[in-house]
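Engineer: Please work out how this folds:
(chains A, B, C and D)
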Number of protein chains: 2
Amino acid sequence: MLESAARGLSRYGYGNLVLEQVASDAGYTRGALYHQFKDKQDLALAVIEWADETWRKEVGRPAAQETDPVAALIAMARGHAVLCRRDVARVAVALRLEFSGQDHPVGRELERVSETLVKRCTRLVNAGRRTGSIPPGPPARAVALALVGALEGAVIALAGQAPHDELLAARAAAGVLGLDPMKISE
Amino acid sequence: MLESAARGLSRYGYGNLVLEQVASDAGYTRGALYHQFKDKQDLALAVIEWADETWRKEVGRPAAQETDPVAALIAMARGHAVLCRRDVARVAVALRLEFSGQDHPVGRELERVSETLVKRCTRLVNAGRRTGSIPPGPPARAVALALVGALEGAVIALAGQAPHDELLAARAAAGVLGLDPMKISE
DNA sequence: ACAGTAACATACATGCATGTATGTAGGAGC
DNA sequence: GCTCCTACATACATGCATGTATGTTACTGT
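Structural biologist: You can find the predicted model right below:
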C-alpha cells in the first residue's frame, strides 16, 4: 500500500492523488486504506517517513562513511541519483513544491526532513571550506540549498536515465560547490 | 488576471488552483474569468504562452547574442535565475512535474515548450564540444536535460535569494557541462 | 432615444473525491 | 461451538470546485 501511495504521490502530487486508485493499485479498496490509515494526510505522512528512512539508509549512511567533506557531498549526490530511479525517492521532491509556503502538516513534515538535509550539507560545506577543499563563495546555507535543489532537479529531469544520471548529478553538485567537476569523476 | 493566475499556478499547481481565488486576487469574480477564458485549461495555456514569451524576450534573446556556445549557456543560466525571481517564470517548473507522464493538453504544451529549450541546449552542447570548449561526456541530450533540470531546481530552492541565485545557477550549469565553475564566474 | 453588445456579477447544476458508517468473513481464544 | 476482534468491502453523506445559464450595468453606434 505504501509503495503504490509513493508511486501515486510522486506522479500526481498530493492534491491530485486519488485514494481509490492507490488502493486498487495495491489490490485493495478504499475501505482497506481507511482501515490502515486515519486519512489521506496520515497516509502521506507515513509515505514521507518511509521515504526518509529509505534515504537515510541507502544514501545518508554510506555518505557519512566518507571522512572528506567533498567526498561525502559527492557520495550523497551519486547516491541520491541512484535512489531517485525508484518512485519512493521522488516523493519529497514532488510534494515540496506543492506545499512550499503553505501551512499544512504534510508541508511542515516535509520542511523538517528537508531542513535536516540542508543543515547537514551546510555543515559539510563549512567543513570543506575550513580545510580548503571547497573554495569560498556565497553563504554556506545558500550553497547547500542550491546543491540540493540542483541535484533533485537534474535527477528528476533525467528521470532515472541510468547510468548518466549518477555522473551528471555528481557534476551538478561539484559545480555548485565551485569545484572542477572533471576532478571529481574518480 | 494573467499575473495572479501565474502566481497561483506557481504556488499551488494546476489541480490545486482555485479559480475564485485567482479572480478575487485580480479584483474580479469568477464570472469575469470565464468571460475572458473558455475554462481553466484555456487560462493555464494562456499563462504558459505568456511565460514562454517572457522567457524568450528576457532570457532567450540575450543569450542568443553570445557567439560562444559556453557563454550562451551560462548566459541562459544567469538569465533564468534572474527571471525566476518573478512568479511567472516558475510556472513551467511547477506544472511540468504535475503533468509529467500524463496526457493532458496543458502537459503537452508544457512538453513542447520544454522540448524546444532542451533541443536548443543540446545544439549548444554539441557546438561547444566540436570547438573543444565543452569536454566530452554523456550524450548531449542527457546533458541538456540535466542542465535545465539542475538550473531550475537550484533556482527554485533558492527562491529568488538575490544575488547568490545567479552565481549558483551559473555554477550548477557549468558543473553539469563538465566545466570548472571558477573559470566561468567572470 | 434606442438597440445591441461588451464586461462583468450572480445563481444554479453537476461531478467527484473524501470521510464515515455499516456490513461481512475468517481466524484466535476459551 | 461460541464469542470477539481484525481485516477488509460496501454504501452513504458531505463539501467543494468547476462550468453554465441567467441577470445587470454601461457604453457605443446610428
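
Engineer: residue contacts, whatever residue of chain A ends up closest to DNA strand D?
Structural biologist: Nearest residue of chain A to DNA strand D: A:G31, at 2.4 Å (Cβ to the nearest atom of the strand). Yep, even glycine has a C-beta here, placed from its N, CA and C like the rest. If you count contacts by Cβ atoms under 8 Å, 6 or more residues apart in numbering or on different chains, A:G31 has them with A:A23.

Engineer: tell me which element A:L147 is part of?
Structural biologist: helix A:140-158 (DSSP states H and E).

Engineer: Packing partners of that helix?
Structural biologist: helix A:69-83, helix A:87-99, helix A:105-131, helix A:164-177, helix B:140-158, helix B:164-177 (3 or more Cβ pairs under 8 Å, 6 or more residues apart in numbering or on different chains; DSSP states H and E).

Engineer: any idea which helix or strand comes after the one helix or strand the residue of chain A closest to DNA strand D maps to?
Structural biologist: Using DSSP H and E, A:G31 maps to helix A:30-36. Using DSSP H and E, the next helix or strand after helix A:30-36 towards the C-terminus is helix A:40-55.

Engineer: can you list contacts of the helix or strand just after that next one?
Structural biologist: Sequence-wise, the next helix or strand downstream of helix A:40-55 (DSSP H and E) is helix A:61-65. Residues outside helix A:61-65 that contact it (Cβ under 8 Å, 6+ apart) are A:72-73, A:75-76, A:79.

Engineer: Show me what counts as buried in helix A:61-65.
Structural biologist: For helix A:61-65, burial by neighbour count (16 or more other Cβ atoms under 10 Å in any protein chain shown) applies to A:A63.

Engineer: again, but for stretch A:2-16
Structural biologist: Per 16+ other Cβ under 10 Å, stretch A:2-16 contains these buried residues: A:2, A:4-16.

Engineer: and the worst-scoring helix or strand of chain A on mean pLDDT, is it in reach of DNA strand C?
Structural biologist: Ranking every helix and strand in chain A by mean pLDDT, DSSP states H and E puts helix A:87-99 at the bottom, with a mean of 90. No - if you take Cβ under 7 Å from any atom of the strand as the test, helix A:87-99 misses DNA strand C, and the best it gets is 13.7 Å.

Engineer: Tell me which other helices or strands that helix touches.
Structural biologist: Checked by 3+ Cβ pairs under 8 Å, 6+ apart, helix A:87-99 has helix A:2-12, helix A:40-55, helix A:105-131, helix A:140-158, helix B:87-99 packed alongside it.
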